[in-house]
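In: Give me coordinates for this.
(chains A and B)
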Amino acid sequence: MPKENPFLKEIAHHLKTHTGLEEKEILPLIDQPPNPEMGDYTLPCFPLKERLQKPPNLVAQELAQAFPTAELIIKAKAEGGYLNFFVKHAELARWILEKVHKEGNNYGHSTVGRGKTIVIDYSSPNIAKHLAVHHLRSAVIGNALFRLYKARGYHCIGINHLGDWGTQFGQLIVAYKKWGSEVAGSLPTKALKEDPVDALHGLYVKFHEEAKKDPSLEDQARQAFRELEAGDSEARRLWEHFKEVSLKEFNKIYRALGIKFDYYTGESFYNEMLNDTVERLKKAGLATMSEEALVVNLDQYGMPPCLLKKKDEASLYATRDICAAEYRATEFGFSKMLYVVGSEQRLHFKQVFKVLELMGYPWVKDCVHVDFGLIKFKEGKMSTRAGRVILLEEVLKEAIERVKEVIQEKNPNLPNKEEMARQVGIGAVIFADLSSRRTRDVLFDWKEVLNFDGETGPYLQYTHARLCSVIRKYGRPVESAVDLSLLKEKDEYLLVRKLESFPKSTVSAAETCEPVVLCNYLIELASIFNRYYNHHRIIGKNEELTRARILLADCTRQVLRNGLYLLGMETPEEM
RNA sequence: GCGCCCGUAGCUCAGUAGGAUAGAGCGACGGUUUCCUAAACCGUAGGUCAGAGGUUCGAAUCCUCUCGGGCGUACCA
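Out: Sure thing, here's the model as predicted:
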């Protein structure tokens, strides 16, 4: 609950004189009762029983009796171990609605992160492959966290740590040289121009097929990667080509999703710094030889060793992650670094963080692996080989197509249909991905993704569009100087209370790195509004009442807009 | 084997720094439109919160064990 809340201030002030407890101790305990009939704010007295040496219900009773009629508080009432407060509703509505109206797009923002930098590592796909649905989670969660932290005043740095280095590119180089034209068809340049990433993926598959028959290919691939690491110009040229065509395709999708990065510094970026990192590890006595590989032994921490260099001297991704962390620490001086990476890499990050700790870096405590569950299909695990891969591009396309159908059916005269369909279709996909807790595995189900009824992205956007429509119809500027005592409906009260708790939900979403918290909040906000809208007219004959309701509607619109923005979704004004 | 994550309505999920009677949506069934966008709203049905112990004023939430599923477990990322 916001500190400057005058109702809480008054409550805490009076309780201080009666209990001797500091306002700081009281404020965090105050909550909203589950039911509005019980009051507007509540103080559970259970935690106070030891401090005050009395049973909680007695504490509540005594405090209720001693509580004076104050400026903003009507009364305090004991109910079991709870002390419930009733405040002047018009004043409550005034405080909240004026705040939302005044702060506008900044409502829900804070300055706690001012002067602090947060590095967020997200999306980070491997190049030379198409983006598939399972790449969506990191990108979408990372983007939401980026916006959430930005809204808290942090300087945010978004990094796309591309998987653009490693043995697999040796494989690709070998495959390209051997069968480049064959796989890409008789006109390789044409095929590579039309769908180069598809052609590269074909080469990758072909390599693995052939390697089964001829294991010497693996050696050739290792040799090719070694040459690449050493800076061989031919290998480098091919690799750059792979990277260029991949990024071109990725950027199309990032643009569609509205996701941006400050840096595309992938694993290859650290190639030249790798040796220094390894030298530091050796000097610190951490790196040792084991089974011909260079490792950091982590036996005493109950983990398998962290591999730094393979027996052929080539680096591994742990090496590059350690190096990247060092680089980011010196380059950005972050006060927090988030790795939005799947939970199958938990052990990897535990190892990397442990190694960084052993290297003596104090900032390792600020590094967090923001993990998330896998995307699965009804038929089982996502698998490239079994052909169980759904491309991200395909999902977005389908969603947009489906939205077009709905528009044709429900609102055929909508102007700018194409763009609206795009905004809503993409919104549906983003919301579907964000709306369950990170760590759970999610089931990919076309029926779910293409359903736009109920708790979905389009539901939120629809509610927003509907609010815009009402305000458009009202046709005059929204004023905050209105008589709020006219807002007597229960849903009006609930709406006001919901608007009050928006900042709390953004803080919680950011701190727990769980965008779902905000998703749930917005669904609740929208459903209260829709219920209200279906039962009461906003624009009516009573001029004063209309003005009050318009203010409430406009504040609801504003909060929906702010919330959707934080989730990385568009907010169409008509749909 | 060991480690981590997960188990809430037929399905998909909220609720988890312990708090007042376990909630939504989808699907099913029944209703609401001379009225600001029906992508909405209202109603009905649906639960031993996987199971068993424990901690306490109070547990879906914390601890232990069991069962079930997922992921990981040295030269892929």
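In: the helices in the stretch 1-150 of chain A, which residues?
Out: Using DSSP state H, counting those that start in this stretch, the helices of the stretch 1-150 of chain A run over A:6-19, A:23-26, A:49-52, A:56-66, A:89-103, A:136-150.
In: Determine whether any part of the last one lies close to RNA strand B.
Out: No: contact of helix A:136-150 with RNA strand B (CB under 7 Å from any atom of the strand) is absent, the minimum separation being 11.2 Å. From N, CA and C alone the C-beta is placed, and that goes for glycine too.
In: What of the second one?
Out: No: no part of helix A:23-26 sits close enough to RNA strand B to count as contact by CB under 7 Å from any atom of the strand; the gap is at least 13.0 Å.
In: Can you list the buried residues in that helix?
Out: For helix A:23-26, burial by neighbour count (16 or more other CB atoms under 10 Å) applies to A:Glu25, A:Ile26.
In: which SS class is whichever residue of the stretch 401-550 of chain A sits closest to RNA strand B?
Out: Closest residue of the stretch 401-550 of chain A to RNA strand B, CB to the nearest atom of the strand: A:Gly454 (2.1 Å). At A:Gly454 the chain is in coil, as set by DSSP: H, G, I helix; E, B strand; the rest coil.
In: Count the residues that sit near it.
Out: Neighbour count of A:Gly454, defined by other CB atoms under 10 Å: 9.
In: From A:Arg137, how far off is it?
Out: 22 Å (CB to CB, to the nearest Å).
In: Repeat that for A:Gln65.
Out: 54 Å.
In: more crowded one of these two?
Out: A:Arg137 (22 against 10).
In: sorry, back to before: enumerate every residue touching the residue of the stretch 401-550 of chain A closest to RNA strand B.
Out: Going by CB atoms under 8 Å, 6 or more residues apart in numbering, A:Gly454 touches no other residue.
In: Let's see the pLDDT reported for it.
Out: Looking at A:Gly454, its pLDDT is 94.
In: With A:Ile30 instead?
Out: Predicted confidence (pLDDT) for A:Ile30: 87.
In: Quick check: it vs A:Val296, distance?
Out: Applying CB to CB to A:Ile30 and A:Val296 gives a distance of 49 Å.
In: neighbour-wise, which of the two wins?
Out: Set A:Ile30 next to A:Val296 and count neighbours by other CB under 10 Å: A:Val296 wins out with 23 against 19.
In: Could you give the number of residues near the nearest residue to that one once chain neighbours are set aside?
Out: Excluding its sequence neighbours, the residue lying closest to A:Val296 (CB to CB, 6 or more residues apart in numbering) is A:Cys306, at 4.4 Å. Burial measure for A:Cys306: 26 neighbouring residues, criterion other CB under 10 Å.
In: Against A:Thr319, how distant is A:Cys306?
Out: Taking CB to CB, one finds A:Cys306 at 9 Å from A:Thr319.
In: who's in contact with the residue of the stretch 151-300 of chain A found nearest RNA strand B?
Out: At 2.8 Å from RNA strand B, A:Gly166 is the closest residue in the stretch 151-300 of chain A, using CB to the nearest atom of the strand. Taking CB under 8 Å, 6+ apart, we find A:Gly166 in contact with A:Phe225, A:Glu267, A:Leu316, A:Tyr317.
In: can you rerun that using 7 Å?
Out: Listed by CB atoms under 7 Å, 6 or more residues apart in numbering, the contact partners of A:Gly166 are A:Glu267, A:Tyr317.
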